[in-house]
Structures are given as C-alpha cells and as structure tokens.
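S.K.: can't give you the sequence, but here's the structure:
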C-alpha cells in the first residue's frame, strides 16, 4: 500500500484519532458526534478499532440510535457531564476559537446566512474538550474575528464552563488551542503545506513554534483498520461518505 | 375517533398561529405542510423542535410564514435550505435564533406549567445577546460568595404541534416511539394535529411495549391519515428518506422560478389520495 494511495479524508481521520488519544487532554470515555461529521466519526471508530475503550454515540444513526429520550437526551447528557468530547465546526472560526454558525454581515446573516447554531451554545461550554474541525482552510473561514458568535471560545471567570477547544483540524494543518491566552499555535502541517502557506490561508494570528513537524503519516495498521472495520461501522450512518472515500478503493 | 382529511386539518391551522414543527429526522408531516401551502396559509410563526428542514423551507418559499424561531434550518445532506436562506437575505422573515437545548427547555417548562427553567451555556453567545426575552440571573443555590450567573428561559406554549406519527388507534392515541421531544412538543402545545400512516384497532396504551412511545389522545385534537406522509423525509424504521427528491427540491428551490415549478409539480397538482378519501 503506497503513501500515494492515502486519501486526505483518511489523513484527517488519523490526525483526529491521535488528538482523541492525546494523553495530555482530559480522558475521553464517551464521545458524541452530531449530524454531518463523517470524518470525526471515522476517527472515533478508528480509536475503538485500535483497542481503546471509547463509547461513540452517533446522533444521526437511523437504526439502533443510542438515544431513547428524543433529541434532548444529548444535551441532558452534556449537562450532567456524561459526554467527554464533542466536535464542532463553523462557517467562521476566529483566533480566539469563537465559532459562528449563524451567518456573515449584519444580524442574522444578511450577507451570507448559515443554517444556524444547533446545540453549539450549550455543548461548547459543557464538554470537557471540543475538537474543532473544518476542512476548508481559507481566509474567509478562519477570520480575525467572527461576525457573529454562536458560542465563545473562552469565558470569563465565574461563567460555568467545563472545557474549551483542544485543537482545530483543517485540510491544511492541526492547531492546538491554549485557553489561558486564547490563542492557537501551529501543531503540525499536512503534506504539501508550509508555515508560510498556512499563514497565507489563515485570517487570524497564531503562534509558531521553532519547529513545526509534519502531521504524522497514517500507519499501515491504521489504514487497514480504516478500510476494514471502520468502513463497516460507517456504512449505515454515512453511506455517501463511504461510497466516496472507501468504496472505490475497496473494489480495487 | 374519526380521522379527518388532510385538507380539513389544514383548515384547522389559522393564519398567524405559532406552529411547532419537527426536523426532517423526527416525524415531520410533510403531507400537512403541502396541504398548508395549498390552503394558502399566511403569517404562520414556525418553531423548530429544535431545528427545521424541508417542510419549513417549503412553507417559507410559498409565503406562508412571517416568523421563525429555530436552532437551524437545513436540508441535511442536500445542503442549506434555499428559500429560508433567500428570505433571511431579503429581510422578509422575522428570525429568532436559538440553540437546540434552549428550545427543548422552553417546551419542557411549558409541559410542566412552570414560568421558566434554567439552562447552562449561552453566556457570551450572540444568540443570548439578541434575545431580550431570555434572562441571566444569579444561581440562588450557589455557595455563599460564589458567582454563578445562569440563563433563565421562559416557558413556550405553541398554539399547535404538527407531526406525523407511525400510527393512531381507535381512541385517538398516536405512537411516536422514541421521539420523546415530539411528545414534549405535543404536551406543551395547546393542541396537536397529527397525520399518521395508518389507524389500528384497539388501544395502544393497553400494550406495555408500545405505551412508552404513545402520546395520549388527551393532547391530540385531530388525526388525518396520510400514507408516506413524512416523504420525502423518512419515518423511523418504516421508510428511509428520499435523498434524491430532497436534492431535486434543493436544486429547484435555488430560484424563485424553480421553487414555483417544484410546487406546481409536487404540491399544488391535486391533493394526495389520502386527503381525497
């Protein structure tokens, strides 16, 4: 299996899996995954396939959905602290990890309207850690300051909050978030990217360590698991994603 | 309980009503939304429980809607909801942005008959900043000297909850299975109008296996039979969403002209058989 055969989605899933397993982050025993997050879902199934005990609750499963109290149960679980890790994205994300799922321009998105904030204004506060994920890495998405705030990246002392973003994963790189100074730092670069190319594509300032390593390549074992048991687990909830990312390859 | 027709049910939704609607994945009555377009409903205020999809976009495009309160409007895999997006840009829709757990909480407060309930999160979000009806108060149970502001949300009582259940029984009870947020919407609303796949004999509440998924007839004002009434959305394990049709809608509804073409073909071209029966 040559490195050239690795798809970007597979690299991203592996990069996210390594963040899930980061020993410096609070432990993740239960991860919930909202609608339309196939790559984070693949990452979490990979963590399981690697032998780590992780309960993965997929909100959008049609059969054997993990929730039996309706769509409020996800938020009730988060309220109690029974969800350790969640994934959020954003139409805009800024350098303080504020996320905007509302729109751009004047309230409520007179320039470009996004679908809306979903549960982000609760989940971002009550989950001990959040991995931000957005494949598009461009100045229009990663902005100096979001036009509208669905959920803030940090909160002042006294406001009840269990955690913040752990990291931001994009199609170009991985940033780590530092809540103490409310800034991102560059953690690793995906193939073909440089510090300069990431800087040019990023609207916000971020810290750059002296040495920025490449995002580690997926191992043979990780690729085999992604294309085997992970693909099987993904087929029912994410059929289109599986057809696009895995099926062509599995037929080869 | 005698089922009424879809068109008769649409006539029971007055212009200007506050109508609670489910998202595409949780028992939407697409059939009644189409009937409301045919009836020419006006000034409806839609509440997403907790988000909205195909039905809302259709009603917005057809000019039936004055106001929307929701945590999102989306067509899922088919992308943004085009008529909603166009209406927000044009400024023709009053929009109250929320977040999913806030809508659940406001309905639960109405269900309990209490004036408000607290919810964590939200502080620092522009959603809260734009909601003068949501308040921040100190947690009265915080330890002495500790600062703990918390958001208080008012009870929200919809005029009508509209959804599509898998079945009704002869008593007028309806079965929604595990979709408990729809039961909460029905409990909180002044009345529920429910389309169903079919009517079964007997009493669903007499079956211990089914009873936990039943909404009692106490809350249900009327039932209409609409086979495949969630289509093009799916219904629990009964049928899957018709992704190709939703994608066709999303493509056509990108323009006003395309939306009218969609309505002519799929909405206005005669009431479905279930309604004519």
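M.R.: Noted; the coordinates are in hand. Just so it is clear, the structure is predicted and the values come from calculations on it, not from any experiment.

S.K.: Enumerate every residue touching residue 142.
M.R.: I went with chain A, as the question did not name one. Contacts for residue A:142 (Cβ atoms under 8 Å, 6 or more residues apart in numbering or on different chains) come out as A:92-95, A:134, A:170, A:201-204. (Each C-beta comes from the backbone N, C-alpha and C, glycine too.)

S.K.: wrong one, I was asking about chain B
M.R.: Here residue B:142 is in contact with residue B:148 (Cβ under 8 Å, 6+ apart).

S.K.: quick one: it from residue A:160, how far?
M.R.: 10 Å (Cβ to Cβ, to the nearest Å).

S.K.: Which neighbours do those two have in common?
M.R.: Going by Cβ under 8 Å, 6+ apart, residues that sit against residue B:142 and also against residue A:160 are residue B:148.

S.K.: buried set for stretch B:88-101?
M.R.: B:88-89, B:93, B:95, B:97-101 (16 or more other Cβ atoms under 10 Å in any protein chain shown).

S.K.: ok, and which of these reach chain A?
M.R.: Applying Cβ under 8 Å from any Cβ of the partner chain to these, one finds that B:88-89, B:95, B:97-101 fall near chain A.

S.K.: Check these and tell me the two furthest apart.
M.R.: Largest separation among those by Cβ to Cβ: B:89 and B:101, giving 27.6 Å.

S.K.: from the chain's centre, how far out does the lengthiest helix in chain B sit?
M.R.: Counting residues, the longest helix found in chain B (DSSP state H) is helix B:100-112. Mean-position distance between helix B:100-112 and its chain equals 14 Å (Cα atoms, centre = their mean, to the nearest Å).

S.K.: Can you list the neighbours in contact with it?
M.R.: A:71-72, A:75, A:78-79, A:118-119, A:121-122, B:20, B:47-51, B:69-71, B:115-117, B:119, B:121-122, B:127, B:134, B:151, B:153-158, B:181, B:184-185, B:187-188.

S.K.: how near is residue B:4 to residue B:16?
M.R.: 22 Å.

S.K.: before we move on, the earlier item: between the contacts of residue A:142, which sits nearest residue A:213?
M.R.: Among the contacts of residue A:142, and counting by Cβ to Cβ, the member closest to residue A:213 is residue A:170, at 16.2 Å.

S.K.: phi, psi of residue A:213?
M.R.: phi -80, psi 160 (degrees, to the nearest 10).

S.K.: you'd agree it is up against residue A:188?
M.R.: Yes - Residue A:213 is within contact range of residue A:188, at 5.4 Å (criterion: Cβ atoms under 8 Å).

S.K.: Neighbour count: those two, which is higher?
M.R.: residue A:188 (18 against 10; other Cβ atoms under 10 Å in any protein chain shown).

S.K.: give the contact list for the more buried one.
M.R.: Neighbouring residues of residue A:188 by Cβ under 8 Å, 6+ apart: A:15, A:173-174, A:212-216.

S.K.: Let me have those in CSV, adding pLDDT, secondary structure and distance to residue B:226 as columns.
M.R.: Output for the contacts of residue A:188, formatted as CSV (pLDDT from 0 to 100; DSSP: H, G, I helix; E, B strand; the rest coil; distance: Cβ to Cβ, whole Å):
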residue, pLDDT, secondary structure, distance to residue B:226
A:15, 98, helix, 47
A:173, 98, strand, 50
A:174, 98, strand, 49
A:212, 98, coil, 58
A:213, 98, coil, 58
A:214, 97, strand, 56
A:215, 97, coil, 51
A:216, 93, coil, 54
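
S.K.: Farthest-apart pair in these, please.
M.R.: The widest separation within the contacts of residue A:188 (Cβ to Cβ) is 14.0 Å, between A:15 and A:212.

S.K.: what residues does the stretch 151-252 of chain A put near chain B?
M.R.: A:151-152, A:155-156, A:158-160, A:240.

S.K.: Check which helices and strands whichever helix or strand residue B:85 is part of is in contact with.
M.R.: Assessed by DSSP states H and E, residue B:85 sits inside helix B:82-90. With contacts taken as 3 or more Cβ pairs under 8 Å, 6 or more residues apart in numbering or on different chains; DSSP states H and E, helix B:82-90 sits against strand A:112-113, helix B:54-61, helix B:256-266.

S.K.: Which strands or helices does the shortest one pack on?
M.R.: Judged by 3+ Cβ pairs under 8 Å, 6+ apart, the packing partners of strand A:112-113 are strand A:103-104, helix B:82-90.

S.K.: Reformat these as CSV; add mean pLDDT.
M.R.: Output for the helices and strands packed on strand A:112-113, formatted as CSV (pLDDT from 0 to 100):
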stretch, mean pLDDT
strand A:103-104, 97
helix B:82-90, 96
